[in-house]
Each structure stands twice: as structure tokens, then as C-alpha cells.
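> Sequence isn't available, so here's the structure alone:
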């Protein structure tokens, strides 16, 4: 099991008050609230990097070719807009 580490965090009083209120609404400690907020931010950053990497590999010429190709079957009944 991983060891938890302590990190002294200084927050402006107004921000700490808001964190305290939000944590209380969720019935969790300030520590849990901040850990959750950090985890959510890291997940958002990872997701952003993932899509940026995918965008770099995209072949937009091929994408447009596929979108504008002729042929194929008409939509099945119930598939129309």
C-alpha cells in the first residue's frame, strides 16, 4: 500500500472558506475534497493530452474523402433524422 504524504497547503482565507463549505455539503473533510479536486484536474489534463495526441495523428484528407464518398446503402427504416 502506498504511503500518504503530507503537504502543507496555503489557501487564501476566502478560498479556504469556499472549500470548507463545499466539503461540508458533501459530508467529507477538506483534505478529501482537495484530494478529489486534484484527482479530477489530473484526469482532465490526461484527457486533454490524449485528444491532442489523437488530433496530431489524424489524417484530415482521408477523413474528408470518407465523408464525401459516393455509394453505400440508404439508411434503414428508423435510421433517418
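Good, I have the coordinates. Just so you know, these numbers come straight off a predicted model, no measurement behind them. Numbering: from 1, shown residues only.
> ranges for the helices of the chain?
13-25, 30-57, 60-68 (DSSP state H).
> right, so of these, which gets closest to residue 5?
Nearest of these to residue 5, taken as Cβ to Cβ: helix 30-57 at 11.4 Å. Any C-beta I mention is one placed from the backbone N, CA and C, and that applies to glycine too.
> about what we covered before: out of the helices of the chain, nearest to residue 79?
Between residue 79 and the helices of the chain, the tightest spacing by Cβ to Cβ is seen for helix 60-68, at 17.3 Å.
> Quick one: mean pLDDT over that closest one.
Averaged over helix 60-68, pLDDT sits at 91.
> Can you lay out the helices of the chain as JSON lines showing mean neighbour count and distance to residue 76?
Output for the helices of the chain, formatted as JSON lines (neighbours: other Cβ atoms under 10 Å; distance: least, Cβ to Cβ, whole Å):
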{"stretch": "helix 13-25", "mean neighbour count": "12", "distance to residue 76": "48"}
{"stretch": "helix 30-57", "mean neighbour count": "11", "distance to residue 76": "30"}
{"stretch": "helix 60-68", "mean neighbour count": "9", "distance to residue 76": "20"}
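> Of all those, which one is nearest residue 77?
Nearest of those (Cβ to Cβ): helix 60-68, 23.6 Å.
> do you know which of the helices of the chain lies nearest residue 74?
Nearest of these (Cβ to Cβ): helix 60-68, 16.8 Å.
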